[in-house]
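Asks: Sequence isn't available, so here's the structure alone:
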DNA sequence: CAATATAGAGAGCACTGCTCTTGAAATGCA
DNA sequence: TGCATTTCAAGAGCAGTGCTCTCTATATTG
């Protein structure tokens, strides 16, 4: 599989484009991401980068995938280090890892969990990376010893609404628990979004310690509702 | 208080700018909101609108305030119609009203609860309108007959983290309940954001009926956790 | 070596936010 | 009422954007 000199150069330039794009995104935000600016930083003329990336939105999509993957990776690694039997800690570590990543990469977080980009249409390529964190959470639920919670039945309409998840990624998990897991995911993202997007001003004390302690408290309550204790 | 002809004209033009801005926002999204475009629709040259609005971001801020106010109004009106003693229904009506508004005004919703606009710094003028919905929710909590939940004590760090809210808008509500209320708010916004921003694909069946039923189920569980039953 | 495919440069179009200047109209004051 | 002042809208212009097209130098392939 000898790569020609041109192919190597192409890969090199491509990864530079992604790297510079990620930097611009991290520093100035998605709205300010300019193909011409990355071209300048690359020492290229703007029209040349169109040989590599078909449009600005396409570059943004690549960066979305990258963001999902980076977040997914750090979460997977952090959660894997926890004792498998300690369900509570597995959940808390997962939650805190997502939050910490969001606070240190606010623009990347906004890109994937905030408002979708204007001409957005989440392409196939994002669904895999996007589900890495949810998969970790479902893994925790799967290890639950099926307590009191597991036995209930869902309303038929709710049951069939949940079918796509229940028959796929959440296979083998009691559906009442799956539903609660989804609510927990909403609480997790909602809490982080409130904080990252500035909706906790005059609500929660602004110090990092206070913010973290409050988030921890919220997540412990969520874990309690999930039966992880 | 006789208004001069010029003052009247100014108010008229100003409200037209807001109206057209809101339309553009609703149709094409915040990223596509262009001062020049609203100037065109207004039959004006672009530089003329700068007599009324200092910048594009300023117009966006005005639209943010308007969006908060419109959402706040419909929620207040809907919740006010419910029997005061029926706490569960007051909560459910509030939640569903927010969700319905978000689904029918996705760009406005994204503007206020999605990623903040690039050069954003929530000005004083937004904090009042932004708190209308939370105030409605706190009103429901305030009418709770203080069940088992109300008596607990919070960890000191969590207690002081919660101080800004607890000593102001949530005055008179047991702090454990206030904390859970905030988590409920996060779940509410998180669930709606997941749906509006397209994160429920392949998770919850895509029909409006299924989506609504699932949201209703989630909110009933939240209400249960809040002790509204 | 010759034919082809590709990378990059350059010019150009239509659009954006925003500033500055210029002429016209409405206003306040004597 | 008549005049000075304030305000409005228009026009031109600057710097930036996404994107397309053409052209040349180079790398690859037959």
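Replies: Received it, and whenever you're ready, just let me know what you need. Quantities reported herein were computed from a predicted structural model and do not represent experimental measurements.

Asks: Any part of stretch A:67-85 near chain B?
Replies: No. Judged by C-beta under 8 Å from any C-beta of the partner chain, stretch A:67-85 stays clear of chain B, getting no closer than 11.3 Å. C-betas here are computed from N, CA, C, even on glycine.

Asks: Name the surrounding residues that touch stretch A:12-28.
Replies: Identification of contacts with stretch A:12-28 by C-beta atoms under 8 Å, 6 or more residues apart in numbering or on different chains yields A:32-34, A:37-38, A:41-42, A:49, A:52-53, A:59, A:62-63, A:66, A:105, A:107-108, A:111, B:118.

Asks: ok, and which of the residues you listed reach DNA strand C?
Replies: Within the set of the contacts of stretch A:12-28, contact with DNA strand C (C-beta under 7 Å from any atom of the strand) is found for residue A:52.

Asks: For PyMOL, write a command that selects the buried ones of the contacts of stretch A:12-28.
Replies: Remark: buried members of the contacts of stretch A:12-28, expressed as a PyMOL selection using 16 or more other C-beta atoms under 10 Å in any protein chain shown:
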select buried, chain A and resi 33+38+42+49+52+53+59+62+63+66+105+107+108+111
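
Asks: and the contacts of stretch A:12-28, which of them are in helices?
Replies: When DSSP state H defines the helices, the subset of the contacts of stretch A:12-28 inside them is A:37-38, A:41-42, A:49, A:59, A:62-63, A:66, A:107-108, A:111.

Asks: of the residues you listed, list those near DNA strand D.
Replies: Near DNA strand D, by the rule C-beta under 7 Å from any atom of the strand, you find residue A:37 out of the ones in helices among the contacts of stretch A:12-28.

Asks: which residues sit in contact with residue A:196?
Replies: Per C-beta under 8 Å, 6+ apart, neighbours of residue A:196: A:102-103, A:106, A:109-110.

Asks: Pipe the residues you listed into JSON lines and attach neighbour count, distance to residue B:13 and pLDDT per row.
Replies: Shown next, in JSON lines, are the contacts of residue A:196 (neighbours: other C-beta atoms under 10 Å in any protein chain shown; distance: C-beta to C-beta, whole Å; pLDDT from 0 to 100):
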{"residue": "A:102", "neighbour count": "21", "distance to residue B:13": "42", "pLDDT": "97"}
{"residue": "A:103", "neighbour count": "15", "distance to residue B:13": "42", "pLDDT": "96"}
{"residue": "A:106", "neighbour count": "19", "distance to residue B:13": "37", "pLDDT": "96"}
{"residue": "A:109", "neighbour count": "23", "distance to residue B:13": "39", "pLDDT": "97"}
{"residue": "A:110", "neighbour count": "22", "distance to residue B:13": "34", "pLDDT": "96"}
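
Asks: which of those residues sit farthest apart?
Replies: A:103 and A:110 (11.7 Å; C-beta to C-beta).

Asks: per-residue pLDDT, the most centrally placed residue in chain A?
Replies: Geometric centre of chain A, nearest residue: residue A:68, 5.0 Å, by C-alpha atoms, centre = their mean. Listed pLDDT for residue A:68 reads 97.

Asks: now do residue A:125
Replies: Residue A:125 is given a pLDDT of 86.

Asks: dump the residue contacts of it.
Replies: A:61, A:65.

Asks: what do you get if the cut-off is 10 Å, keeping everything else the same?
Replies: A:61-62, A:64-65, A:68 (C-beta atoms under 10 Å, 6 or more residues apart in numbering or on different chains).

Asks: What of residue A:72?
Replies: Applying C-beta under 10 Å, 6+ apart, the residues near residue A:72 are A:101, A:128-136.

Asks: which non-adjacent residue is nearest it?
Replies: residue A:132 (2.8 Å; C-beta to C-beta, 6 or more residues apart in numbering or on different chains).

Asks: For chain A, give the residue positioned nearest to DNA strand C.
Replies: For chain A and DNA strand C, the shortest gap (C-beta to the nearest atom of the strand) falls at residue A:47, measuring 2.8 Å.

Asks: Rank the helices and strands of chain A by mean pLDDT and give me the bottom one.
Replies: helix A:124-130 (a mean of 89; mean pLDDT, DSSP states H and E).

Asks: excluding its backbone neighbours, what's nearest residue A:10?
Replies: Using C-beta to C-beta, 6+ apart, the closest residue to residue A:10 is residue A:52 (7.5 Å).

Asks: Surely the one you found and residue A:44 touch.
Replies: Yes. Judged on C-beta atoms under 10 Å, residue A:52 makes contact with residue A:44 at a distance of 9.4 Å.

Asks: Neighbours of the residue of chain A found nearest chain B, how many?
Replies: Across chain A, the shortest distance to chain B (C-beta to the nearest C-beta) belongs to residue A:190, at 2.7 Å. Residue A:190: 28 surrounding residues under other C-beta atoms under 10 Å in any protein chain shown.

Asks: Remind me which helix or strand it belongs to.
Replies: Assigned by DSSP states H and E, residue A:190 belongs to helix A:175-196.

Asks: That helix to helix B:175-196, inter-axis angle?
Replies: 100 degrees (axes from the mean of the first three to the mean of the last three C-alpha atoms, to 10 degrees).

Asks: Now find how far off-centre helix A:175-196 is within its chain.
Replies: 12 Å (C-alpha atoms, centre = their mean, to the nearest Å).

Asks: Next secondary structure after that helix?
Replies: Taking DSSP H and E, what comes next after helix A:175-196 is helix A:208-226.

Asks: Show me which positions of that next one end up buried.
Replies: A:210-223, A:225-226.

Asks: Identify, from those residues, the entry nearest to DNA strand D.
Replies: Among the buried residues of helix A:208-226, and counting by C-beta to the nearest atom of the strand, the member closest to DNA strand D is residue A:211, at 34.1 Å.

Asks: Over to residue A:173: give its phi and psi.
Replies: The phi/psi pair for residue A:173 (degrees, to the nearest 10) reads phi -110, psi 130.

Asks: my guess is the residue of chain A closest to chain B contacts residue B:192, does it?
Replies: Yes. If you go by C-beta under 10 Å, residue A:190 and residue B:192 touch, sitting 8.8 Å apart.

Asks: who touches both of those two?
Replies: With C-beta under 10 Å, 6+ apart as the test, residue A:190 and residue B:192 both reach residue B:113.

Asks: Pull up the residues of chain A that are close to DNA strand C.
Replies: Counting by C-beta under 7 Å from any atom of the strand, chain A sits next to DNA strand C at A:6, A:9-10, A:13, A:43-48, A:51-52.

Asks: now those residues: which count as buried?
Replies: A:13, A:44, A:52.

Asks: Just give the nearest non-adjacent residue to residue A:200, would you?
Replies: residue A:194 (5.5 Å).

Asks: Quick one: residues contacting the one you found.
Replies: Counted by C-beta under 10 Å, 6+ apart, residue A:194 has contacts A:200, A:203-204, A:215, B:113, B:182, B:185-186, B:189-190.

Asks: same check, this time on residue A:92
Replies: By C-beta under 10 Å, 6+ apart, residue A:92 lies in contact with A:79, A:82, A:86, A:215-216, A:219-220, A:222-223, A:228.
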